[in-house]
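Peer 1: 3D model of this:
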Amino acid sequence: MKTIYLDCGMGAAGDMLSAALYELLDENSRKKFINQINLLGLPDVEFFPETAVKCGITGTHMRVLIKGAEETDITPDHEHSHNHSHEHEHSHDHEHEHTHVHEHSHEHEHTHSSLSEIENIIHGLNVPNTVAENASAVYKLIADAESRMHGVPVSDIHFHEVGTADAIADIVSVCMLINMLGAERIAASPVHVGCGHVRCAHGILPVPAPATVYLLRNIPIYGGSVNGELCTPTGAALLKHFVNEFGEMPLMTVERIGYGMGKKDFDAVNCVRAMIGESNEQKSEKIIELFCNLDDMTPEGIGFASERLFEAGALDVYTVPVGMKKSRPGTLLCVLCTEQQRSQMLNLIFRHTSTLGIRENAMKRYTLSRSIKNISTDFGSVRIKRSEGFNVIKEKYEYEDIAGIAKDKGISLTEAAGLISQSK
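Peer 2: Numbers count the residues shown, from 1 in each chain. Next comes the predicted model:
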């Protein structure tokens, strides 16, 4: 399975992700991409890569020029309400799109775009529909985060004209590159967000910025000793939209490596590192096992508890007969669930069983991808369940379908399966 792994040990920003993915292309594809991105239809926008060296590592810094200058040279980066003068004194480590709540009148020349206007811009670009849809979805994530931070509807969030052009270019370029690379699986490390504070028009904000930390909900993040903003809202939204799983690097054969460099210099190399290659893992996820011993419940009571756990979304529930202290026979109740389901499952186990304590194991689960297809036979439509991965393919008929045929014909399940195979 073609897999991309993103090392976000120094955070993530739109230009860094774009540059890292760009380096995964071969030379001909790189030229094709740069030609396409500069013919998007964004006025006064020029997009080009340049070689950058950080801590002795050579990579690419992706520059987006708006009327000949970079966005961070023209306009501030952090969200703020509209009633203010343009005398900003803040600095930052990556790009950060400029948004505000459109509530007040103002006396400056800059114009601003609503989310609907941005979506019209994106869908008017010379890109495939898939790219436009992904870019629009990423921008919706950003707008939703900003609206929640400001406490206003998404319709009241407006983006600065120059910052919008820069952010659209970054977002669309990442969407284009992922489309070109054609990876079936995208994984990433936990995200380093930095620490400290950043100055903006409102004052001093904590790192990660409010919109960034909202976007990174349910994603593993950490701070560390690097003082500065390492992950921007654009970077966070792109990771949120595209990454299937966060954690350790999967088992994979790496074919190409890309380094997308940030603007600032730190003791550690300031980059996103991207790797692409083949992974044998069809699907893996971290799960937990909750288990307890029961020696004073009826089989009906345990069955009732199991049903409630399944209804709540447990991945699996099963029991094992065990011998307990004083030679008493008992039942080991085991529940498999995700980390996000832990609290709910603990509550249900305590509520529906007699246990006074529950134990937990962390584990990793590997699964085959699953699909169902329908085939036409002499006996009607029959479903086939297909599972594949790890260089293995398995197929079997849906039980209810062959059971129905077996009952109608008065034959065994094995005979019914044989008849279906002959009539395909």
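Peer 1: which residue ranges form the helices in the chain?
Peer 2: 14-22, 27-37, 71-74, 115-123, 129-150, 161-181, 210-215, 233-242, 299-311, 342-352, 399-409, 413-423 (DSSP state H).
Peer 1: list the contacts for the spatially most central residue of the chain?
Peer 2: Closest residue to the average C-alpha location of the chain: Val243 at 3.2 Å, with Cα atoms, centre = their mean. Shown here is Val243, whose contacts under the criterion Cβ atoms under 8 Å, 6 or more residues apart in numbering are 6, 186-188, 219. C-beta here means a position set from N, CA and C on the backbone, and glycine is covered the same way.
Peer 1: In contact with Val226, which residues?
Peer 2: Under the criterion of Cβ under 8 Å, 6+ apart, the contact partners of Val226 comprise 10, 192, 194-195, 266, 268.
Peer 1: Counting neighbours, what do you get for the closest residue to Thr234 other than its chain neighbours?
Peer 2: Spatial nearest neighbour of Thr234, excluding adjacent residues (Cβ to Cβ, 6 or more residues apart in numbering): Gly14 at 3.9 Å. Gly14 has 31 neighbouring residues, counting by other Cβ atoms under 10 Å.
Peer 1: does Arg30 really touch Tyr22, like I thought?
Peer 2: Yes: here Arg30 reaches Tyr22: they are 6.3 Å apart, a contact under Cβ atoms under 8 Å.
Peer 1: who's more crowded, those two?
Peer 2: Looking at Arg30 and Tyr22 with other Cβ under 10 Å, you find the greater number of neighbours at Tyr22, namely 26 against 16.
Peer 1: Could I get the contacting residues of that one?
Peer 2: Counting by Cβ under 8 Å, 6+ apart, Tyr22 has contacts 30, 33, 49, 60, 62, 173, 177, 258, 260.
Peer 1: And it, what's its pLDDT?
Peer 2: Model confidence at Tyr22, expressed as pLDDT, equals 97.
Peer 1: Would you quantify the distance from it to Pro208?
Peer 2: 25 Å (Cβ to Cβ, to the nearest Å).
Peer 1: what do you get for Leu230?
Peer 2: Shown here: Leu230 relative to Pro208, a distance of 8 Å by Cβ to Cβ.
Peer 1: shared neighbours of these two, anything?
Peer 2: Counting by Cβ under 8 Å, 6+ apart, the common neighbours of Leu230 and Pro208 are 193-194.
Peer 1: the more surrounded of these two?
Peer 2: When Leu230 and Pro208 are compared for neighbours, Leu230 comes out ahead with 31 against 25, by other Cβ under 10 Å.
Peer 1: any idea how far Ile171 is from the more buried one?
Peer 2: Summarising the geometry, the distance separating Leu230 from Ile171, computed by Cβ to Cβ, is 19 Å.
Peer 1: what's the answer for Thr331, then?
Peer 2: Thr331 sits 53 Å away from Ile171 when distances are taken as Cβ to Cβ.
Peer 1: where along the stretch 151-300 of the chain do the strands fall?
Peer 2: Defined through DSSP state E, counting those that start in this stretch, the strands belonging to the stretch 151-300 of the chain, from first to last, are 157-160, 185-188, 191-192, 194-195, 197-200, 203-206, 221-222, 228-229, 245-246, 252-261, 271-279, 284-294.
Peer 1: check contacts around Lys385.
Peer 2: Listed by Cβ under 8 Å, 6+ apart, the contact partners of Lys385 are 370-372, 395-398.
Peer 1: Of the residues you listed, just say which sits nearest to Gly313.
Peer 2: Distances from the contacts of Lys385 to Gly313 were compared by Cβ to Cβ; the smallest belongs to Arg370, at 17.1 Å.
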